[in-house]
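Peer 1: Here's my sequence, what's the structure:
(one chain, ligands or ions: 2)
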Amino acid sequence: MVKIAASILNADFGNLGQEIKRAEEAGAQLLHLDIMDGHFVPNLTLGPQVVKSLRPQTRLSFEAHLMVTNPEKFSGPFIEAGSDLILFHLEVIPKPEKLLEEIKARGVKAGLVLNPDTPAETILPYLDALDQVLVMSVNPGFGGQEFIVGALDKISMLDAERRKRGLSFEIEVDGGVNPKTGALCRKAGADILVVGTYLFRAKDIKEAIKSLQM
Ligand code: DX5
Ligand code: ZN
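Peer 2: Numbers count the residues shown, from 1 in each chain. Ligands and ions are numbered 1, 2, ... in the order given. Next up, the predicted model:
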């Protein structure tokens with residue numbers, strides 16, 4: 001069954017604790033924390049201090065999606081804040097091996113993120129060092145955007161590659177995911193769907209999660 005990573009970017013930031021509880025009780029498996037520095041993307045969100053204060057409020061696994069120009073500076077503080085997985089963009093660290101090893105040496109999972117314009121070929125040399133690949137289906141920075149269908153080919157290409165090489169990294173997709181686009185992603189080989197707006201704006205968040213796992 002596909003896993004659901006609830007993205008809080010479009011949740012009610014004035015009641016983050018309750019919003020996270022809502023997602024947990026509704027059946028989300030992961031909490032997707034969109035960390036933005038206002039440089040790599042034109043938006044600014046939350047820092048390690050906020051993540052630290054959210055940590056004790058839920059049993060959900062925390063994945064920190066670092067949309068920052070210097071992830072080597074921020075991976076440590078977000079690990080100390082309680083992240084179980086650090087995702088950073090290949091676009092800012094063309095040679096990611098060292099940072100990937102540093103993250104995993106701390107007992108935390110590590111993944112790379114591909115923006116819509118970044119070809120999947122660029123990530124192939126690093127696949128065996130990854131726990132997860134995050135395929136962006138929107139240009140990062142904001143929730144509530146339209147799904148970019150080009151993400152589907154990337155997902156299937158990565159799925160074929162992991163079968164061919166007998167690798168076990170998970171494929172996650174992020175941006176504009178709803179039951180329709182989510183079904184296409186699952187079919188292409190995605191294991192985890194990041195869902196923000198569709199979840200937190202739904203009348204019934206539990207039904208919303210069920211509709212993504214049909
Ligand atoms: C965008 C973020 C995504 C986004 C997903 O930069 O990385 O996680 O919040 O939100 P929706 O599901 O609203 O597109
Ligand atoms: Zn994200």
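
Peer 1: What lies in contact with stretch 91-99?
Peer 2: With contacts defined as C-beta atoms under 8 Å, 6 or more residues apart in numbering, stretch 91-99 is touched by 40, 68-72, 75, 88, 90, 110, 112, 115, 118, 126, 129. Quick note: C-beta positions are derived from backbone N, CA and C, even for glycine.

Peer 1: Let's see which of those end up in helices.
Peer 2: Pro71, Glu72, Ser75 (DSSP state H).

Peer 1: Out of the contacts of stretch 91-99, give me the one that has the most neighbours.
Peer 2: Phe88 (28 neighbours; other C-beta atoms under 10 Å).

Peer 1: what pLDDT does the closest residue to that residue other than its chain neighbours get?
Peer 2: Spatial nearest neighbour of Phe88, excluding adjacent residues (C-beta to C-beta, 6 or more residues apart in numbering): Pro71 at 3.6 Å. For Pro71, the pLDDT comes out at 98.

Peer 1: Assess the claim that Pro71 and His89 are in contact.
Peer 2: Yes. Using C-beta atoms under 8 Å, Pro71 is in contact with His89, at 7.3 Å.

Peer 1: just to revisit the earlier point, show me which of the contacts of stretch 91-99 neighbour ligand 1.
Peer 2: Restricting the contacts of stretch 91-99 to those within reach of ligand 1 (C-beta under 6 Å from any ligand atom) leaves nothing.

Peer 1: just to revisit the earlier point, looking at the ones in helices among the contacts of stretch 91-99, which is nearest ligand 1?
Peer 2: Nearest to ligand 1 among the ones in helices among the contacts of stretch 91-99: Pro71, at 14.0 Å, using C-beta to the nearest ligand atom.

Peer 1: Now do the contacts for the closest one.
Peer 2: Contacts of Pro71 (C-beta under 8 Å, 6+ apart): Ile86, Phe88, His89, Val92, Ile93, Leu99.

Peer 1: hmm, back to that, measure the residue nearest to Phe88 to Ala5 for me?
Peer 2: Going from Pro71 to Ala5 by C-beta to C-beta, to the nearest Å gives 19 Å.

Peer 1: do Leu99 as well
Peer 2: 21 Å.

Peer 1: between these two, who's got more neighbours?
Peer 2: More crowded of Leu99 and Ala5, by other C-beta under 10 Å: Ala5, with 28 against 17.

Peer 1: what does the model give the more buried one for pLDDT?
Peer 2: In this model, Ala5 is scored at 98, pLDDT.
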